[in-house]
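> Give the three-dimensional model of this entry:
(one chain, ligands or ions: 1)
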Amino acid sequence: MTASERTRKLAARLREQISHHDHHYYVLDDPEIPDAEYDRLFRQLQDLEAKYEDLYSPDSPTQRVGGKAQTEFTSVTHGIAMLSLDNAFREEQVDSFNQRVLDRLEETGPISYAVEPKLDGTAISIRYEAGRLAVAATRGDGRTGEDVTHNVRTIGAVPMILKGSGYPQVLEVRGEVFMPIRGFEEFNARAREQGEKPFANPRNAAAGSLRQLDPKIAASRPLSIFVYGVGVVDGGSLPQRHSETLAALSEFGFRVCPENSVVEGAEGCLGYYQAIGQRREELSYEIDGVVYKVDEYGQQQKLGFVSRAPRWALAHKYPAQEELTKVLDVDWQVGRTGAVTPVARLEPVVVGGVTVSNATLHNMDELERKDVRIGDTVVVRRAGDVIPEVVSVMAKRRRKGARRVRLPGKCPVCKSAVSRPEGEAVARCSGGLYCSAQRKEALKHFVSRKALDIEGLGSKLIDQLVDSKIVRTPADLFDSKCVNTDSLAALERMAQKSAENLMAAIEVSRKTTLARFLYAVGIREVGEATAENLANYFGDIGTLREASADIETLQKVPDVGPVVAEHIQTFFAQPHNVEVIEKLLGDDALTLKEGAPRQSDNADKAFLGKTFVLTGTLSGITRDAAKGEIRKRGGKVTGSISKKTDFLVFGEKPGSKLEKAQNLGITTLDEQAFLALL
Ligand code: IVH
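Predicted structure coming up:
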């Protein structure tokens with residue numbers, strides 16, 4: 001079908017809106033609308049484009065994820081070579097760099113340097129022609145790289161169309177594609193859970209994702225970009241300074257690192273190195289140094305290049321986040337859910353400025369895959385506040401006596417049997433709450449910040465409370481026969497005053513929310529977000545407990561799939577869990593703010609106070625159930641379309657209401673979109 005002028009305009013408007021929100025979300029990190037609202041716009045455009053073939057446009061935001069898998073990579077010759085940088089590791093090297101710059105330029109006054117973090121990802125060159133993304137290529141050998149356009153388009157922070165009109169006709173931007181630390185951690189956690197191979201570090205994750213033939217893979221990975229320069233520029237001009245060019249690139253819609261700055265002389269550079277170094281662990285992405293660039297292009301030109309690096313730039317590196325050391329032994333740690341985790345005891349080594357003597361090996365699968373043996377020389381990695389880990393073994397350095405590691409048959413803490421179900425990566429202690437290690441971890445989780453948030457009840461104190469048998473379950477924390485000022489004051493390093501403070505903190509924590517409580521009790525794989533969803537959906541614990549008998553009902557909750565549903569069911573099927581919950585809630589130990597859906601929740605916001613009309617035949621939900629769900633979320637259902645209607649939900653054979661709604665510019669949702677919104 002061909003689209004009418006009106007539909008064409010609607011599609012154009014949707015594309016603009018979506019690009020605008022992409023820019024706010026991915027580039028400015030400041031979304032203006034809830035995700036559900038964005039998804040709705042996106043689906044509306046997708047539907048239009050599916051219906052009218054002539055609306056197809058390669059620049060449409062829907063085409064980011066729609067690309068076909070390639071059969072091979074084609075090479076791209078860079079119009080201007082992608083150079084590398086000279087490295088400095090010590091302050092003196094920065095001084096001599098600055099001196100060389102002054103000498104060559106015959107300057108005496110301080111040089112202005114544009115200073116930037118050195119991002120630890122993979123370099124990319126993206127060519128825009130007439131403001132539209134044309135080709136994206138990897139660095140390769142600097143002269144020729146690989147065409148990875150299909151993957152780069154999937155990165156939300158890469159504009160498909162440039163903003164404004166001041167950009168050159170041909171503009172090649174250069175930058176670093178990276179995987180933010182959080183996304184990397186989540187990706188690896190999921191890979192480990194599914195028995196897949198995790199990435200060694202975010203740099204490999206970014207590079208590996210771009211080196212895929214099928215763009216769906218890159219699309220499913222949380223990649224981002226910071227641009228830090230330009231290549232070929234034709235048919236237009238850019239400012240005379242690097243720092244101003246970065247500002248211009250930002251205006252064109254690119255993501256530029258917010259830590260970039262301009263300083264004077266070597267002193268300014270070193271000050272920046274220190275300032276960023278202090279904040280290195282807070283940054284949401286990995287860096288391995290900072291880069292100093294002579295700011296004025298005129299001066300850059302005078303300085304020129306030596307072999308493959310410019311004379312006008314220098315990378316000043318931070319201490320490495322990966323080091324070599326020896327595995328002295330492997331111990332086993334028992335977690336909250338009984339997971340028995342191998343931990344390498346290491347010959348102490350300084351990694352990124354901190355001494356590391358233990359590192360996680362994650363689970364038996366990974367230990368076996370990496371083939372870590374006692375006595376081996378290994379690469380350890382420590383980044384940010386993440387637990388240090390053993391990344392790989394230096395196989396060539398293995399000595400004869402290196403010992404293989406075996407999973408213990410019994411729990412090192414409670415001596416219960418340890419089992420590792422066929423095909424699972426994680427081994428577990430079968431001791432449950434009999435195991436003091438599991439009890440301690442469960443309590444630590446129960447009082448943690450996102451759970452009951454009991455201030456001053458730290459890990460060491462919990463160990464003491466459990467070891468001295470004062471506390472066995474979370475309910476004991478609120479039982480004055482167990483925990484009181486006297487029993488607390490008798491513990492090591494606890495004085496009367498700190499015991500009183502802790503009692504006060506326990507008192508404060510008694511008033512909490514159902515969501516926090518559900519998170520605190522530690523149902524497997526129920527994190528904060530799922531706990532919120534469960535609380536919003538069921539409103540109180542009794543209803544949830546009843547519903548836990550039925551896996552299907554549980555799966556109606558957003559985010560809850562068959563695995564989580566089963567964990568919830570298993571949790572409520574265990575009498576000791578129910579007993580603790582009854583004690584916590586029954587004796588008025590805790591009071592929960594229950595019920596009412598949170599006003600800030602995206603889905604609720606989409607319904608609250610909004611008027612819906614239903615039309616056509618719905619297949620996955622009955623008409624009545626749909627009405628019930630809308631009303632439950634604070635929405636209204638009426639029978640006919642008017643200017644007051646906010647949403648029209650349509651099924652098969654929608655009839656005239658759909659057209660009327662479209663004419664009035666009312667948002668229409670097909671059944672799938674509606675169910676997703678629910
Ligand atoms: S400028 C001619 N700026 O470091 C200048 N590079 O060794 C070329 N890198 O392949 C690069 N952050 O991938 C520049 N702020 C930054 C950077 C940066 C990371 C990477 C880049 C390049 C390598 C150079």
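
> Would you state the strands of the stretch 301-450 of the chain in chain order?
305-306, 309-310, 313-317, 322-334, 339-351, 354-360, 377-381, 389-393, 418-419, 427-429 (DSSP state E, counting those that start in this stretch).

> In JSON lines: those, plus distance to the ligand, mean pLDDT and mean neighbour count.
Placement of C-beta: from N, CA and C, glycine included. Formatted as JSON lines, the strands of the stretch 301-450 of the chain follow (distance: least, CB to the nearest ligand atom, whole Å; pLDDT from 0 to 100; neighbours: other CB atoms under 10 Å):
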{"stretch": "strand 305-306", "distance to the ligand": "8", "mean pLDDT": "91", "mean neighbour count": "11"}
{"stretch": "strand 309-310", "distance to the ligand": "5", "mean pLDDT": "94", "mean neighbour count": "16"}
{"stretch": "strand 313-317", "distance to the ligand": "5", "mean pLDDT": "97", "mean neighbour count": "22"}
{"stretch": "strand 322-334", "distance to the ligand": "17", "mean pLDDT": "95", "mean neighbour count": "17"}
{"stretch": "strand 339-351", "distance to the ligand": "21", "mean pLDDT": "95", "mean neighbour count": "18"}
{"stretch": "strand 354-360", "distance to the ligand": "23", "mean pLDDT": "93", "mean neighbour count": "16"}
{"stretch": "strand 377-381", "distance to the ligand": "19", "mean pLDDT": "94", "mean neighbour count": "21"}
{"stretch": "strand 389-393", "distance to the ligand": "21", "mean pLDDT": "93", "mean neighbour count": "20"}
{"stretch": "strand 418-419", "distance to the ligand": "45", "mean pLDDT": "94", "mean neighbour count": "17"}
{"stretch": "strand 427-429", "distance to the ligand": "40", "mean pLDDT": "93", "mean neighbour count": "23"}
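
> Residue of the chain nearest the ligand, please.
Nearest residue of the chain to the ligand (CB to the nearest ligand atom) works out as Ala123 at 3.2 Å.

> The nearest residue to that residue once chain neighbours are set aside: neighbour count?
Leaving aside its sequence neighbours, Ala123 sits nearest to Arg139 (CB to CB, 6 or more residues apart in numbering; 4.1 Å). By other CB atoms under 10 Å, the residues close to Arg139 number 19.

> The stretch 1-150 of the chain against the ligand: which residues are in contact?
Neighbours of the ligand within the stretch 1-150 of the chain, by CB under 6 Å from any ligand atom: 83-85, 116, 118-119, 123, 139.

> Now the two most distant members of those.
Glu116 and Arg139 (17.3 Å; CB to CB).

> Per-residue pLDDT of the residue nearest to Ala123, please?
At Arg139, the model reports a pLDDT of 95.

> ok, then the element right after the strand or helix carrying Ala134?
Assigned by DSSP states H and E, Ala134 falls within strand 132-138. Next in sequence after strand 132-138, counting helices and strands by DSSP H and E, comes strand 144-146.

> and that following strand, what's its mean pLDDT?
Averaged over strand 144-146, pLDDT sits at 95.

> same question, stretch 171-187
Mean predicted lDDT for stretch 171-187 stands at 95.

> go on, stretch 44-56?
Computed over stretch 44-56, the average pLDDT equals 93.

> Excluding covalently adjacent residues, which one is nearest to Ser436?
Ser436 sits nearest to Val466 (CB to CB, 6+ apart), 5.6 Å away.

> On the pLDDT front, check that neighbour for me.
95.

> Let me see the contact set for it.
By CB atoms under 8 Å, 6 or more residues apart in numbering, Val466 lies in contact with 436, 439-440, 443, 472.

> can you give me the strands for the stretch 51-200 of the chain?
So, for the stretch 51-200 of the chain - with DSSP E, counting those that start in this stretch - the strands run 75-77, 87-88, 112-119, 122-129, 132-138, 144-146, 170-178.

> Which one, of the ones you listed, ends up nearest to Lys653?
Ranked by CB to CB, the member of the strands of the stretch 51-200 of the chain that lies closest to Lys653 is strand 132-138, at 39.8 Å.

> What is that closest one packed up against?
Judged by 3 or more CB pairs under 8 Å, 6 or more residues apart in numbering; DSSP states H and E, the packing partners of strand 132-138 are strand 122-129, strand 144-146, helix 149-152.

> buried ones in it?
Residues 133, 135-138 are the ones in strand 132-138 that count as buried (16 or more other CB atoms under 10 Å).

> Run through who's touching that strand.
59, 76, 78, 122-128, 145-149, 151-153, 158-162, 210-211.

> okay, the angle between that strand and strand 122-129?
On the basis of axes from the mean of the first three to the mean of the last three CA atoms, to 10 degrees, strand 132-138 is oriented at 150 degrees to strand 122-129.

> okay, now Gly458: neighbour count?
Residues lying near Gly458 (other CB under 10 Å) number 12.

> From Gln496, how far out is it?
18 Å (CB to CB, to the nearest Å).

> so who does the residue of the chain closest to the ligand touch?
Contacts of Ala123 (CB under 8 Å, 6+ apart): 82, 138-139, 174-177.

> Over to Arg428?
337-340, 418-420.

> and it, what are its bridge partners?
For Arg428, the beta-bridge partners are Ala339, Ser419 (DSSP bridges).

> if we can go back for a sec, please name whichever of the strands of the stretch 51-200 of the chain is nearest to Leu675.
Smallest distance to Leu675 across the strands of the stretch 51-200 of the chain (CB to CB): 33.4 Å, for strand 132-138.

> now the angle from the closest one to strand 170-178?
Angle between the axes of strand 132-138 and strand 170-178 is 50 degrees (criterion: the same axes, to 10 degrees).

> Who is the residue of the chain closest to the ligand paired with across the strands?
Glu176.

> Flag the shaky bits of the stretch 551-678 of the chain, pLDDT-wise.
Along the stretch 551-678 of the chain, the parts satisfying pLDDT under 70 run over 594-605.

> Swap in 80 and give it another go.
Residue ranges of the stretch 551-678 of the chain with pLDDT under 80: 587-588, 593-606, 608-609, 622-625, 628, 631-640, 655.

> again with the stretch 351-500 of the chain
In the stretch 351-500 of the chain (pLDDT under 80), the answer is 383-386, 433.

> now with 50?
Nowhere does the stretch 351-500 of the chain drop to pLDDT under 50.

> re earlier: right, and the residue nearest to Ala123 touches Gly145 too?
Yes - using CB atoms under 8 Å as the test, Arg139 is close enough to Gly145 to be in contact (5.4 Å).

> and for the two, which residues touch both?
Common neighbours of Arg139 and Gly145 (criterion: CB under 8 Å, 6+ apart): 82, 125.
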